[in-house]
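S.K.: Sequence first, then the predicted structure:
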There are 2 protein chains.
Amino acid sequence: MASTRERIVTATAELFRRNGYTGTGLKQIVSRAEAPFGSLYHFFPGGKKQLGTEVIREAGLPYAALFDIYIASADDPVTGIEDAFAGAAETLVETDYADACPIATVALEVASTDDGLRRATAEVFEAWLDKGTEVYAAFGLSRRDARALAIATVTSLEGAFVLSRSLRSTEPLEAAGRAVAAQAGNLLPNR
Amino acid sequence: MASTRERIVTATAELFRRNGYTGTGLKQIVSRAEAPFGSLYHFFPGGKKQLGTEVIREAGLPYAALFDIYIASADDPVTGIEDAFAGAAETLVETDYADACPIATVALEVASTDDGLRRATAEVFEAWLDKGTEVYAAFGLSRRDARALAIATVTSLEGAFVLSRSLRSTEPLEAAGRAVAAQAGNLLPNR
DNA sequence: CTCTCACTAGAGCGATCTATCTAGTGATGC
DNA sequence: GCATCACTAGATAGATCGCTCTAGTGAGAG
């Protein structure tokens, strides 16, 4: 069994995904984590905000690796992008349209209400964009084109998650995947 | 002065944008609306859920008209799309990165927690996609291409809002606008 | 064996949440 | 002039919120 601190972080991340920041209670977190309430304030003396910032980072940053898994290791970015969006759609359906982006809900909630939490989400998104830029540049794209494609990848994925979860349909994810793949194909005409 | 019911709906819509559904309290709503608390339950006997569903619809549906304002009335979809994303970026900066999509925050919050509210957000997104499909089809695109472009427009805009609000930067909106405009240009080679 | 301290355990505080309830007001129809 | 009813007005209930507080436990150091 994972450590108490790890169980608290994991439980919080799961609840943030589905219920958001304000929709998740501390009692709910320790209950799901099977942790004593006192331990929460032992590990996170700054309370919900400190727990929130650390969960955003710890749950969000690992997702940058998906650029390696899906795209850097693919034969070309176009099929890599198609696979990535298809994989996201599959996960979404398997989890009954619940598991999409680990931080998007929280990011929108806190963007105008808590600058500390907002900065944590910004760090994660910036890390994803940096990773995407690096991966696309390795395929020969200019720094400028690589960053534009990285932004298009992340924004299209995030927006498609919003619509797919709301509509309970994978159509937006599929359409967004095709659009980003086409954009990558246009930026890489020589393959 | 607008009617009490209208003031409640307007105040709720403004608070939902910035604070989300769970982050907005009923006391906060009537205070901002300068309405008596009892009036809230007079006009919305179903409580917060009924108010929420009606606000989602009443605040969300009018945005479909932006497809007319920006794109249908433009010389061609490409410049219309560019103008639409630039206009969104301008509004975002003017409101200190607060006013973006009226229903996205709520949509993510309720997608897995309240099916009634989720359906309300789905109706609004579907209405936007229908309007976008119609407007793009009027420029000669096939029904299939028009819907794909409408989905790309809405998903890119929604995702760019997430990143732009989090990063407090218009870069994602600008990059997303260029990407969707380019996609429109590819689908409409003959102009 | 004892001291220390990280951690466990949960009761309880003040504030706030949604919702209900009663009472009062004022325009309209008869 | 009176009855009706849509609406105003806000106190209050009951639950839950984030957070603080005290007490207890148990492994490792000396």
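M.R.: That came through fine. Computed from a predicted model, the values in this text were never measured in an experiment. Residues are numbered from 1 along each chain as shown, chains lettered A, B, ... in the order given.

S.K.: who's in contact with the residue most central in space within chain A?
M.R.: Centroid-nearest residue in chain A: residue A:101, 3.9 Å away (criterion: CA atoms, centre = their mean). Counting by CB atoms under 8 Å, 6 or more residues apart in numbering or on different chains, residue A:101 touches A:17, A:157, A:158, A:161. Every residue, glycine included, has its C-beta placed from N, CA and C.

S.K.: dump the residue contacts of the second one.
M.R.: Taking CB under 8 Å, 6+ apart as the contact definition, residue A:157 lies against A:84, A:85, A:88, A:101, A:173, A:176, B:159.

S.K.: Mind doing that once more with 10 Å?
M.R.: Counting by CB atoms under 10 Å, 6 or more residues apart in numbering or on different chains, residue A:157 makes contact with A:66, A:81, A:84-85, A:88, A:100-101, A:104, A:128, A:173, A:176-177, A:180, B:155, B:159, B:162.

S.K.: Then the last one?
M.R.: The neighbourhood of residue A:161, defined by CB under 10 Å, 6+ apart, consists of A:88-89, A:92, A:97, A:99-101, A:104-105, A:172-173, A:176, B:108, B:111, B:155, B:158-159, B:162.

S.K.: For it, identify the helix or strand it belongs to.
M.R.: In this structure, residue A:161 is located in helix A:143-167 according to DSSP states H and E.

S.K.: same question, the first one
M.R.: With elements taken from DSSP H and E, the one containing residue A:17 is helix A:4-19.

S.K.: touching DNA strand D at all, that helix?
M.R.: No - using CB under 7 Å from any atom of the strand, helix A:4-19 never reaches DNA strand D; the gap is at least 9.4 Å.

S.K.: Only the buried residues of that helix, if you could.
M.R.: A:4-5, A:7-19 (16 or more other CB atoms under 10 Å in any protein chain shown).

S.K.: got it, and stretch A:91-106?
M.R.: Quick answer for stretch A:91-106 (16+ other CB under 10 Å): A:92, A:97, A:99, A:100, A:101, A:102, A:103, A:104, A:105, A:106.

S.K.: from those residues, which is closest to DNA strand D?
M.R.: The closest of the buried residues of stretch A:91-106 to DNA strand D turns out to be residue A:106 (CB to the nearest atom of the strand; 12.6 Å).

S.K.: Next, the contact list for the closest one, please.
M.R.: Counting by CB under 10 Å, 6+ apart, residue A:106 touches A:13, A:16-17, A:19-24, A:52, A:55-56, A:59-60, A:114, A:117-118, A:120-121, B:20, B:108-109, B:166.
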